[in-house]
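Peer 1: everything below, folded, please.
(chains A and B)
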Amino acid sequence: MTTTLVSTPQRDGLHAGVRAMLPLAISCAPFGMAVGATIATSNVDLAPTLSAALLMFGGSAQLAAVEMLDAGAAPLYIVLAAAMINARFVAYSAGLAPLFPTTRRAARALMATTLVDQSYLVTSIDATNHDRPERERVRFYVGASATIGLIWIAAQALGVVAGTALPNAANLGAAAPISLAGLAAGVVSAHGSRRALLGAAVAMVVLSSVAGQLALIAAIVVGITIAARATSVDAEVAR
Amino acid sequence: MTAWAVVLSAALCTYLLRASALVTVSGGRLPSWVMRRIELVAPAALGALITSSALHNERAAAVGLASVAAFAAARRFRSPYTALVVGFPTLWFAQLLLR
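Peer 2: Just a heads-up that it's a prediction; the model follows:
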């Protein structure tokens, strides 16, 4: 008896999500291991801090929370710091909403649990480049989210066990900016996108030393504002 | 106990930020001026995230060079994997040069 594998839009969407996320998820692994190593060397209970990998599902905020807990910071400050670091998720949430107009609210509420930089970026860029039906796009998102979720949690667990054994000279922590730069190559075809990327990059350099935890969201807002203004001026001139 | 309370509170706050528009915007209908700005979120986020990650690395200059090389390679060959294949050798070479 032979089995024929039939390619369906659903399966295509899921596989496309996995394929799109894989290089980014692999690039997150060194950071995940670094977070795991920090958890292992801190004086805070392992269970809550490692569970945060799944519950908070965001490396920078989790790392900040672990370090602040270890330093004995007030709980309210820790929660506020995590909220400030993750403030950019509001922009991502607004960015994803138009991509899933007919998806049930409960499904969207579930999808929100895994909304991170990478899942937003690959889904948004895929939506720009591929005209998928909405259900296939949902499966794309699920495939992408599952990929980064599994690798992220595995990397943290590995980091707890063997994180300090990471080779320093290889500078594996640079995998994140390198892989994101690769992703950026796919979004800068339009003038507006180029301006937004460069505007946010320059703003980040300026704001990183003065805006603290809010630098990231502030730089994103500056990049969007610069690009939107420049595009409006272009439109006026064209008239 | 405090650690659990902090983690759960931070997780709840983070979830509310994530769910904000995704859950509340029904039908995905937003004004056109909002939509124009939303299209710019991804490139702006990439610009900010790449710069932030590079700046927080101990070898910021080398990471910056490697990111530019990764960008150029991915743009030339239209594959995100080439970013890693070209980016890391560039990074290690730049680290040797910029010691």
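Peer 1: in chain A, which spans are helices?
Peer 2: Assigned by DSSP state H, chain A shows helices spanning A:9-41, A:46-55, A:59-70, A:75-85, A:88-96, A:105-111, A:117-129, A:134-162, A:175-184, A:191-207, A:215-238.
Peer 1: tell me the most buried of the ones you listed?
Peer 2: Each of these was assessed for mean neighbour count using mean count of other CB atoms under 10 Å in any protein chain shown. The highest is helix A:175-184, with a mean of 28. All C-beta atoms are positioned from the backbone trio N, CA, C, and that covers glycine.
Peer 1: any part of it near chain B?
Peer 2: Yes. Applying CB under 8 Å from any CB of the partner chain, one finds that helix A:175-184 is in contact with chain B at A:175, A:176, A:177, A:178, A:179, A:180, A:181, A:182, A:183, A:184.
Peer 1: dump the helices of chain A to a markdown table, plus distance to residue B:80 and mean pLDDT.
Peer 2: Below are the helices of chain A laid out as a markdown table (distance: least, CB to CB, whole Å; pLDDT from 0 to 100):
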| stretch | distance to residue B:80 | mean pLDDT |
| --- | --- | --- |
| helix A:9-41 | 5 | 85 |
| helix A:46-55 | 24 | 91 |
| helix A:59-70 | 20 | 85 |
| helix A:75-85 | 25 | 88 |
| helix A:88-96 | 19 | 91 |
| helix A:105-111 | 23 | 95 |
| helix A:117-129 | 9 | 92 |
| helix A:134-162 | 13 | 93 |
| helix A:175-184 | 4 | 84 |
| helix A:191-207 | 16 | 92 |
| helix A:215-238 | 21 | 85 |
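Peer 1: residue B:34 is nearest to which of those helices?
Peer 2: helix A:88-96 (7.4 Å; CB to CB).
Peer 1: now the closest one - C-alpha only, PDB.
Peer 2: Coordinates of the C-alpha atoms in helix A:88-96 are reproduced here as PDB (Å, rounded to 0.1, in the frame of the first residue of the first chain):
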ATOM      1  CA  ARG A  88       6.200  47.500  21.700                       C
ATOM      2  CA  PHE A  89       3.800  44.500  21.700                       C
ATOM      3  CA  VAL A  90       0.900  47.000  21.500                       C
ATOM      4  CA  ALA A  91       2.300  48.200  18.100                       C
ATOM      5  CA  TYR A  92       2.700  44.600  17.000                       C
ATOM      6  CA  SER A  93      -0.800  43.700  18.200                       C
ATOM      7  CA  ALA A  94      -2.200  46.600  16.100                       C
ATOM      8  CA  GLY A  95      -0.100  45.400  13.200                       C
ATOM      9  CA  LEU A  96      -1.500  41.900  13.300                       C
END
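Peer 1: now the residue of chain B found nearest chain A: closest residue in space that isn't a chain neighbour?
Peer 2: Closest contact between chain B and chain A, by CB to the nearest CB, is at residue B:83 (2.4 Å). Distances taken as CB to CB, 6 or more residues apart in numbering or on different chains place residue A:182 nearest to residue B:83, at 2.4 Å, with adjacent residues excluded.
Peer 1: much appreciated, bye for now.
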